[in-house]
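[1] How does the following fold in three dimensions:
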Amino acid sequence: MGDLSRGSGDDRKPFKLPIPGKRNILITSALPYVNNVPHLGNIIGCVLSADVFARYCRLRAYNAIYICGTDEYGTATETKALEENCTPKEICDKYHAIHKEVYEWFNIGFDEFGRTSTPQQTEVCQAIFKKLLENNWLSENTMQQLYCDTCKRFLADRLVEGTCPTQGCNYDSARGDQCEKCGKLLNPTELQDPKCKVCQNTPRIRDTNHLFLELPLLKDKLVEYINNTSVAGSWSQNAIQATNAWLKEGLRQRCITRDLKWGVPVPHKNFKDKVFYVWFDAPIGYVSITSCYTPEWEKWWKNPENVELYQFMGKDNVPFHTVMFPSTLLGTGENWTLMKTISVTEYLNYEAGKFSKSKGVGVFGNDAKDTNIPVEVWRYYLLTNRPEVSDTLFTWTDLQAKLNSELLNNLGNFINRVLSFIAKDPDSGSGKGSGYCSIIPDAPGAESHLLTKALGKTVGDHVEDYIGYMEKVKLKSGLKTAMTISGEGNAYLQESQFWKLYKEDQPSCSIVMKTSAGLVYLLACLLEPFMPSFSLEVLKQLNLPETQASLSEENGDIERSKRPWEFLPAGHKIGTPVPLFKELKDEEVEFFRQKFAGSQADRIIKAEAEAKKVTEQLAKTKVSDGSGKKEKLKKSAAEPKPKPAAEAEISISRLDIRVGLITKVQKHPDADSLYVEQIDVGEGQPRTVVSGLVKYIPIEEMQNRKVCVLCNLKPATMRGVKSQAMVLAASDSDNTKVELVEPPQSAPVGERLIFPGFEGKPDDVLNPKKKVWETVQPDLRTNEELVALYKNVPFTTSAGICKVSSICNGSIR
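    Numbering: from 1, shown residues only. Sure thing, here's the model as predicted:
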């Protein structure tokens, strides 16, 4: 499979080139803007859908590459840089890394995941521009543009918001380039009541010179391409409708330059202070990223006779790919590989409204990771809910239903029943007189076993349907068909009553189990494009190589699906079966619904309000009498002893984590790797703490530093010095970097940290036998925003949340 990063130098994987006589498929997904974290709607709309098709192509042994990357130039980046008070390049570096990490977690198998802010992008973009100029498809015109006197600059489209002028829409937060509500492409001067997004003042209209692509002159070439390719490439209906709407409205010349600094410079003496408009520049990113993948990129992009181009995107991107980009390439007069098939999704909505990056509504890529719901579950749910024809709705209860009924009770149950039965030892007590000691039995006569023969025909028909759907990029139907085979397997097991057959008709039982094991393998192949991590686990439990999955005609895999008993040889030893899915409970669903309600801003306000409320409650309660001893209520002599309380649930509430101040630090006299610190935790006298941080943090950076201190660990003697607490720190995945978890500077020393939703009194001393710390610790980590978390809940003080300096997704201990 392709990796997100192909490395450099000798580490780079060999690149693929088109092979004569083979099916060569070039796959792209819309380049995500690098100005925010992608949400689930973005992920299903482009990168995940394209990944499923790319994986399918590889299973079929097609020669396919999948190209994507972050769209880094343009107003969106400049706007985000203004918001975060940094340079556009810093924004791009930050969010490219975030996107890359999110897609890695989602198991997106790019052959190349690049970016558009590269020298290659400038080279390819300017070369295309020069061809258009040479062929007289460009014109120079004066246009009116909004100018902000306060900011002293022309306002690019996304720096203007106002009311959409489209009749019946009237959306009051329409951007200068497109209305998010109705999808209409706009010019900023068309907005009603426009406002500068930076200063909120009303801009005025001024003249400025720009270059335009003459789309009306290219119409004949474009219409011929669309008429031929939309049929041959089986374009999705929503793509055809959006394209025809543009053509019906009439093509207009489109401006290709902008008054910005961050972008590809225009190589023209009259426009040296301008850059290319992002709609012109961004699709060219597919080409330039391919040129980063291989210097022989033209063999993919200028080879229409031997290469098929498939493109995936959300519906708002359609005109840029069916009208703008093809017109640009046609205008060069060169032999470009134009798009054959376009796969378009509608919107995935969230609970009661739309997913929105700008408004922070919905579940974002990093949120999905932080839920601890496995990635295969997320991929499955998004793909079963893929909005192929109309908008679909994400709800937590629907995710729960699909996980528990379809993945756990159907797919997982079938696979576990089959492999567990084969793994049993009939001579052991647990085997209860049945099983095959993990060995696939021989099954002579399977083709004449009526129930098995009927199953083979049904499965073979389903596999043919699956191939038909996947070839037409009907991914949701393909997935549904694969899951139907799992249902057929469960029905086959029930009808055969294999548990009785083992005692009454062992040859028939062997046929049923060998056939069922073959179905397990077939399901691992069919579902690999949708849930690659699931398929790897199934192959592991079957004791087969990770590369075994195949649906190749040349290998006879499709024909063999009619005879599933032939997939695995008799005598093959399987691995260890374990359950593949875990039930999602009602209380977990309600927790997630509450956690991800509203916008990201709303969630922060809510968390801060909860933190403040708990802090106020803590302030009313004396934690210490100042002498270091905890205050206890006096009881009368007549008061009976209370009954022992039930063991409290193990959670973060049992830990006494406080804000501490390191007042003194020195090297351990008998251990080079240890510091001995004196830490004030609000008890009058400091505690002595021993920490193994010498090789990670210089001693001068430890002095007078506020830290998070776990105060109720049982004291331990380390090389002759008794340590009375533990300083919490985060480490990266390979433990080469360690950083302290730091509370805000204004956090009061001695204050106990809170975790909204996990209230309770801490243990006086953690009992080592109860393994409280060992149970809680795996859920302590940092996220992409460097916030310290317990199960996605921030380490919270009255002054704010606790963070680390630079370690994302680190483990805290």
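[2] quick one, what contacts V344?
    236, 238-239, 242, 312-315, 317-318 (C-beta atoms under 8 Å, 6 or more residues apart in numbering). The way it works is simple: take the backbone N, C-alpha and C, and place the C-beta from them, glycine included.
[3] Out of those, list just those in helices.
    Applying DSSP state H to these, the entries found in helices are 238-239, 242, 318.
[4] Out of these, name the two that are farthest from one another.
    N238 and V318 (7.4 Å; C-beta to C-beta).
[5] With neighbour count added, can I get the ones in helices among the contacts of V344 in a markdown table?
    Listed next are the ones in helices among the contacts of V344 as a markdown table, based on neighbours: other C-beta atoms under 10 Å:
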| residue | neighbour count |
| --- | --- |
| N238 | 20 |
| A239 | 24 |
| A242 | 21 |
| V318 | 25 |
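[6] Which member of the residues you listed is positioned nearest N228?
    A239 (14.7 Å).
[7] Pass me the low-pLDDT residue ranges in this protein, would you?
    1-13, 352-362, 429-432, 598-648 (pLDDT under 70).
[8] in stretch 656-666, what's buried?
    656-662, 665 (16 or more other C-beta atoms under 10 Å).
[9] er, stretch 447-456 I mean
    For stretch 447-456, by 16+ other C-beta under 10 Å, it's 449, 452-453, 455-456.
[10] How about stretch 77-87?
    77-81.
[11] Next: stretch 800-813.
    Here stretch 800-813 shows 800-804, 807-813 as buried, counting by 16+ other C-beta under 10 Å.
[12] Kindly report the same for stretch 236-245.
    Applying 16+ other C-beta under 10 Å to stretch 236-245 flags 236, 238-240, 242-243 as buried.
[13] so which pair among the contacts of V344 is furthest apart in space?
    A242 and F312 (14.7 Å).
[14] In strands, which of the buried residues of stretch 800-813 fall?
    With DSSP state E as the criterion, strands contain 800-801, 811-812 from among the buried residues of stretch 800-813.
[15] what ranges do the strands span in the stretch 351-500 of the chain?
    353-354, 392-394 (DSSP state E, counting those that start in this stretch).
[16] no wait, the stretch 551-700 of the chain
    Using DSSP E, counting those that start in this stretch, strands in the stretch 551-700 of the chain cover 657-668, 671-680, 687-691.
[17] Tabulate those strands (CSV), appending distance to L217.
    Output for the strands of the stretch 551-700 of the chain, formatted as CSV (distance: least, C-beta to C-beta, whole Å):
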stretch, distance to L217
strand 657-668, 69
strand 671-680, 73
strand 687-691, 72
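[18] Tell me which of these approaches I439 most closely.
    strand 671-680 (50.3 Å).
[19] list the helices and strands that closest one packs on?
    Contacts defined by 3 or more C-beta pairs under 8 Å, 6 or more residues apart in numbering; DSSP states H and E place strand 671-680 against strand 657-668, strand 687-691, helix 699-702.
[20] hmm, 10 Å instead?
    strand 657-668, strand 687-691, helix 699-702, strand 706-710, strand 716-718, strand 721-723, strand 726-727 (3 or more C-beta pairs under 10 Å, 6 or more residues apart in numbering; DSSP states H and E).
[21] Include distance to P283 when you put those into CSV, please.
    Below are the helices and strands packed on strand 671-680 laid out as CSV (distance: least, C-beta to C-beta, whole Å):
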stretch, distance to P283
strand 657-668, 51
strand 687-691, 53
helix 699-702, 48
strand 706-710, 48
strand 716-718, 60
strand 721-723, 60
strand 726-727, 51
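[22] quick one, which of those is nearest to R593?
    Of all the helices and strands packed on strand 671-680, strand 657-668 comes closest under C-beta to C-beta, at 27.7 Å.
[23] Give me the helices and strands touching that closest one, please.
    So strand 657-668, by 3+ C-beta pairs under 10 Å, 6+ apart, packs with strand 671-680, strand 687-691, helix 699-702, strand 706-710, strand 726-727.
[24] which one of the ones you listed lies closest to G478?
    Set against G478 and scored by C-beta to C-beta, the helices and strands packed on strand 657-668 come closest in strand 706-710, at 48.7 Å.
[25] roughly how far is the closest one from the heart of the chain?
    In terms of C-alpha atoms, centre = their mean, to the nearest Å, the centre of strand 706-710 is set 32 Å apart from its chain centre.
[26] And for stretch 266-285?
    With C-alpha atoms, centre = their mean as the basis, the mean position of stretch 266-285 lies at 31 Å from the chain mean.
[27] Check the separation of the first and last residues in that stretch.
    The straight-line separation of the ends of stretch 266-285 (C-alpha to C-alpha, to the nearest Å) is 16 Å.
[28] Pull out the buried residues from that stretch.
    266, 268, 271, 274-285.
[29] Please apply the same query to stretch 474-492.
    For stretch 474-492, by 16+ other C-beta under 10 Å, it's 474-486, 488-490, 492.
[30] and if you look at stretch 99-111?
    99-104, 106-111.
[31] Is it possible to get JSON lines of those residues that adds secondary structure and distance to L551?
    Compiled in JSON lines, the buried residues of stretch 99-111 are given as follows (DSSP: H, G, I helix; E, B strand; the rest coil; distance: C-beta to C-beta, whole Å):
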{"residue": "H99", "secondary structure": "helix", "distance to L551": "30"}
{"residue": "K100", "secondary structure": "helix", "distance to L551": "29"}
{"residue": "E101", "secondary structure": "helix", "distance to L551": "30"}
{"residue": "V102", "secondary structure": "helix", "distance to L551": "28"}
{"residue": "Y103", "secondary structure": "helix", "distance to L551": "24"}
{"residue": "E104", "secondary structure": "helix", "distance to L551": "25"}
{"residue": "F106", "secondary structure": "coil", "distance to L551": "22"}
{"residue": "N107", "secondary structure": "coil", "distance to L551": "18"}
{"residue": "I108", "secondary structure": "coil", "distance to L551": "20"}
{"residue": "G109", "secondary structure": "coil", "distance to L551": "16"}
{"residue": "F110", "secondary structure": "coil", "distance to L551": "21"}
{"residue": "D111", "secondary structure": "coil", "distance to L551": "19"}
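[32] Among those residues, which one sits closest to G412?
    N107 (18.6 Å).
[33] Please give me every residue in contact with the closest one.
    Residues near N107 by C-beta atoms under 10 Å, 6 or more residues apart in numbering: 1, 48, 51, 55, 375-376, 378-379, 531-534, 536.
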